[in-house]
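Engineer: Just the structure for this:
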Amino acid sequence: MEDQLFDVHGKVVLITGALGQIGAEFVKAFHARGARVAVLSRSVSEEKVASAFGGLGDAERLQAHPVDITRKETIVAALDAIQASWGTPDVLINNAGVDTQPSAPPEVSGPFEDFPEEVFREVVDVNLVGTFLMTQAVGSRMRGAGKGGSIINVGSIYGMVSPVQDIYAYKAEQTGVPFIKPVAYSAAKSGIYNLTRYCATYWGRDGIRVNTLTPSGVARDTQDETFQANYTARMPIGRMADADEYNGAAIFLAADASRYMTGANLVVDGGWTAW
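Structural biologist: Numbers count the residues shown, from 1 in each chain. Model prediction:
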């Protein structure tokens, strides 16, 4: 008998930030398991989708829609189109977000005392308000259809604990310009956790489960060696994550294997928050 615990075949899965490093891996993982996957991204285009996912096959189970998660009208337009062809979504993965990398210019990565208000608002608008808008729009449709569903909000270790600023101290030594991991990302991501808990209790009797998936840093070719060495030195598992190492957790949260789980935080961080 086939194990149905992790079956997502036929589910309608919406993924924001779907052209990003982790988001693209989510798209591939769900599509490979028979789900119908909607690629949602502010910068989506036929060329980018073909480049990222052209080899997946079965194009009828893959749609792409331009969505700016900070603008409700673009969310509604995408949901209307998806619902017209596939019906009400079963799964939403709120993966879209913005962060500040060590290569960022000093005007957006300086000391807390000088951090620009407009940058703070922009980061919160995308990472927290955008997640709220997507959750509100999709959850209301799930509830209206009476079918339940799973909403997965992607958090961050820096939403659970403060950044370790020592990791970035080398930037001042190498360039004379300090890099301070900014407050905006941490503040916005920390809000995700209680948004998750609120929605989990609000929609619990409607069969809509809402959970957070917390990743740690993913290795990129664009990261400099000193950063990777400093980051890895603090990581109990001894390395940064590969982009596809969160797929299993996402499949679990979307499938019946987690049917009694809501309002929770699934931490997949290589042990970072175990210190």
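Engineer: got the residue ranges for the strands in the chain?
Structural biologist: Secondary structure of the chain, counting by DSSP state E: strands at 12-16, 36-41, 62-66, 91-94, 149-154, 208-215, 265-268.
Engineer: Pick the most buried one from those strands.
Structural biologist: Each of these was scored by mean neighbour count; the highest is strand 91-94, a mean of 29, by mean count of other Cβ atoms under 10 Å. For the C-beta atoms, the positions are set from N, CA and C on the backbone; glycine is no exception.
Engineer: Export that one to CSV, keeping only CA atoms.
Structural biologist: Written as CSV, here are the backbone C-alpha positions of strand 91-94 (Å, rounded to 0.1, in the frame of the first residue of the first chain):
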residue,chain,number,x,y,z
VAL,A,91,-0.9,25.1,0.2
LEU,A,92,0.7,28.5,0.4
ILE,A,93,4.4,28.9,1.1
ASN,A,94,5.3,32.5,2.1
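Engineer: just the CA coordinates of stretch 164-176, formatted as PDB?
Structural biologist: Output of stretch 164-176 as PDB, limited to C-alpha atoms (Å, rounded to 0.1, in the frame of the first residue of the first chain):
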ATOM      1  CA  VAL A 164      26.000  37.400  15.700                       C
ATOM      2  CA  GLN A 165      27.700  40.600  14.700                       C
ATOM      3  CA  ASP A 166      31.200  39.200  15.300                       C
ATOM      4  CA  ILE A 167      30.800  37.200  12.100                       C
ATOM      5  CA  TYR A 168      30.800  40.400  10.100                       C
ATOM      6  CA  ALA A 169      33.600  42.200  11.900                       C
ATOM      7  CA  TYR A 170      36.100  41.300   9.200                       C
ATOM      8  CA  LYS A 171      34.500  43.700   6.800                       C
ATOM      9  CA  ALA A 172      35.800  46.700   8.700                       C
ATOM     10  CA  GLU A 173      39.200  45.100   8.900                       C
ATOM     11  CA  GLN A 174      39.300  44.400   5.200                       C
ATOM     12  CA  THR A 175      37.700  47.500   3.800                       C
ATOM     13  CA  GLY A 176      37.600  50.100   6.600                       C
END
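Engineer: will you turn the strands of the chain into CSV that also has distance to residue 185 and mean pLDDT?
Structural biologist: As requested, those are arranged in CSV below (distance: least, Cβ to Cβ, whole Å; pLDDT from 0 to 100):
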stretch, distance to residue 185, mean pLDDT
strand 12-16, 17, 98
strand 36-41, 19, 96
strand 62-66, 24, 94
strand 91-94, 15, 98
strand 149-154, 13, 98
strand 208-215, 13, 98
strand 265-268, 17, 98
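Engineer: got any ranges where this structure has weak pLDDT?
Structural biologist: Residue ranges of the chain with pLDDT under 70: 1-2, 57.
Engineer: Can you show me the helices along it?
Structural biologist: According to DSSP state H, the chain carries its helices in the segments 21-32, 46-53, 72-86, 117-124, 130-145, 157-160, 170-175, 183-202, 225-234, 247-254.
Engineer: if we compare those, which one ends up closest to residue 213?
Structural biologist: Nearest to residue 213 among the helices of the chain is helix 247-254; the distance by Cβ to Cβ comes to 5.4 Å.
Engineer: Name the residues that touch the closest one?
Structural biologist: 6, 8, 11, 13, 25-26, 29-30, 33, 90-91, 93, 150, 152, 209, 211, 213, 258, 261, 266, 268 (Cβ atoms under 8 Å, 6 or more residues apart in numbering).
Engineer: about what we covered before: could I get the helices of the chain as CSV with mean neighbour count and distance to residue 100?
Structural biologist: Below are those laid out as CSV (neighbours: other Cβ atoms under 10 Å; distance: least, Cβ to Cβ, whole Å):
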stretch, mean neighbour count, distance to residue 100
helix 21-32, 21, 16
helix 46-53, 14, 23
helix 72-86, 16, 24
helix 117-124, 15, 8
helix 130-145, 19, 17
helix 157-160, 21, 10
helix 170-175, 13, 12
helix 183-202, 19, 6
helix 225-234, 14, 13
helix 247-254, 21, 25
